[in-house]
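**Student:** Curious how this folds, go ahead:
(one chain, ligands or ions: 1)
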Amino acid sequence: IEQTAYQNDKLAMLGKIAAAIAHEIRNPLTSIRGFIQLLRPHLMQLGKEEYARIILAEIDRANDIIYEFLNSSKPSAPMAQEVRIAALLKEVILLSESEALMRGCQLQFETCDESLCVSIDVKQIKQVILNLVKNAMDAIGELNGERPGLIAIKTQRNEQFVEISIRDNGRGMDRLTMNKLFDPFFTTKEAGTGLGLSVSYRIIRNHGGTIRVDSNLGEGTEFNIYLPLVL
Ligand code: ADP
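**Tutor:** Residues are numbered from 1 along each chain as shown. Modelled structure (predicted):
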């Protein structure tokens, strides 16, 4: 599924607006956050600590959205660094392991070639993989323990590219969802921003790569990322 020029423009424009106003919004958010923290003991006395928790969570969500916007407006030339993709994936898996355990998901990693190298912006690509792994955990979570959750991450060479596949046995998705997947703001989650995949798509494109998805409702989903190989 290809992201259209329209979607790209929309995302680029949003990024620019966000960059311009983020500063103005972040400061008041920070002071609101601080004052709510100060009010917390008083709310607790009133038996309303739940309010503080909700306000803080919502402030954090607003901050997340600003952060993701800012990321989507990043210049198109990534900071390139030559790394072994297998090592990077292992690092991301290590980072995700405790959350996976908590959410009843098993993470698996497989590679046929440890030495495959890519030239990437490490922070950005890590963000993409984390996004996909998090989405996979969410999709497994929505099965409510129907089956043991499994997330398989695999990397292999595919002609001049490194192919990274992230497969889950979560709830999968229908055609409609698949068609909208990469649209900024498209989300089926209550607390979702709908930015993860559109930003990921943009990052991969800026690296001269592509991202594909295949999914079966009720069975699971597989994302495939292709990044140019350093030979
Ligand atoms: P968010 O996670 O905030 O909803 P994303 O852009 O990351 O935003 O994802 C958009 C939507 O794509 C999700 O709300 C979900 O419906 C769908 N989706 C993404 N990854 C998966 C997956 N692994 N399995 C099922 N659905 C998925």
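
**Student:** Need the nearest residue in space to residue 181, chain neighbours excluded.
**Tutor:** When the adjacent residues along the chain are set aside, residue 181 lies closest to residue 197, with 5.5 Å between them (C-beta to C-beta, 6 or more residues apart in numbering). Bear in mind the C-beta positions are built from the backbone N, C-alpha and C, glycine included.

**Student:** Please read the previous query as pertaining to residue 145.
**Tutor:** In space, and not counting its chain neighbours, residue 145 is closest to residue 104: 6.6 Å by C-beta to C-beta, 6+ apart.

**Student:** Would you confirm that the one you found contacts residue 137?
**Tutor:** No - shown here, residue 104 and residue 137 do not form a contact pair, counting by C-beta atoms under 8 Å, at 9.1 Å.

**Student:** which of these two has more neighbours?
**Tutor:** Taking neighbours as other C-beta atoms under 10 Å, residue 104 and residue 137 compare with residue 137 leading, 22 against 13.

**Student:** Residue numbers of this structure in contact with the ligand?
**Tutor:** In this structure, the chain approaches the ligand at residues 131, 135-136, 139, 168, 170-173, 177, 181, 186-189, 192-198, 221, judged by C-beta under 6 Å from any ligand atom.

**Student:** so where is this structure shaky, pLDDT-wise?
**Tutor:** 1-5, 7, 69, 71-78 (pLDDT under 70).

**Student:** That one: strands as residue ranges?
**Tutor:** Under the criterion DSSP state E, the chain contains strands at 81-84, 105-111, 117-120, 149-158, 161-168, 210-216, 220-230.

**Student:** Can you tell me which of those strands is packed in deepest?
**Tutor:** Between these, strand 161-168 has the highest mean count of neighbours, a mean of 22, where neighbours are mean count of other C-beta atoms under 10 Å.

**Student:** Could you list the paired strands of it along with their orientation?
**Tutor:** Applying DSSP bridges, strand 161-168 is found paired with strand 149-158 (antiparallel), strand 220-230 (antiparallel).

**Student:** can you map out the helices along the chain?
**Tutor:** Assigned by DSSP state H, the helices in the chain fall at 5-45, 49-72, 85-102, 122-141, 175-180, 196-206.

**Student:** For those helices, state which one has the densest average packing.
**Tutor:** helix 196-206 (a mean of 22).

**Student:** Quick one: list the elements packing against that one.
**Tutor:** Packing contacts for helix 196-206, counted by 3 or more C-beta pairs under 8 Å, 6 or more residues apart in numbering; DSSP states H and E, involve helix 5-45, helix 49-72, helix 122-141, strand 210-216, strand 220-230.

**Student:** Put together JSON lines for the helices of the chain, with distance to residue 229 on each row.
**Tutor:** Converted to JSON lines, these look like this (distance: least, C-beta to C-beta, whole Å):
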{"stretch": "helix 5-45", "distance to residue 229": "25"}
{"stretch": "helix 49-72", "distance to residue 229": "25"}
{"stretch": "helix 85-102", "distance to residue 229": "9"}
{"stretch": "helix 122-141", "distance to residue 229": "14"}
{"stretch": "helix 175-180", "distance to residue 229": "28"}
{"stretch": "helix 196-206", "distance to residue 229": "14"}
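
**Student:** wait, which of the ones you listed is closest to residue 150?
**Tutor:** In terms of C-beta to C-beta, the element of the helices of the chain nearest to residue 150 is helix 122-141, at 7.9 Å.

**Student:** May I have the closest one exported as CSV, CA atoms only?
**Tutor:** Extracted as CSV, the C-alpha positions of helix 122-141 are listed here (Å, rounded to 0.1, in the frame of the first residue of the first chain):
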residue,chain,number,x,y,z
VAL,A,122,19.7,4.9,14.3
LYS,A,123,17.2,6.9,16.5
GLN,A,124,14.6,7.1,13.7
ILE,A,125,14.8,3.5,12.7
LYS,A,126,14.6,2.4,16.3
GLN,A,127,11.5,4.5,16.7
VAL,A,128,10.0,2.8,13.6
ILE,A,129,10.7,-0.7,15.0
LEU,A,130,9.4,0.2,18.5
ASN,A,131,6.3,1.6,16.9
LEU,A,132,5.6,-1.7,15.0
VAL,A,133,6.4,-3.8,18.0
LYS,A,134,4.1,-1.7,20.2
ASN,A,135,1.3,-2.0,17.6
ALA,A,136,1.8,-5.7,17.5
MET,A,137,1.5,-5.9,21.3
ASP,A,138,-1.7,-3.8,21.1
ALA,A,139,-3.1,-6.1,18.5
ILE,A,140,-2.3,-9.1,20.7
GLY,A,141,-3.8,-7.4,23.7
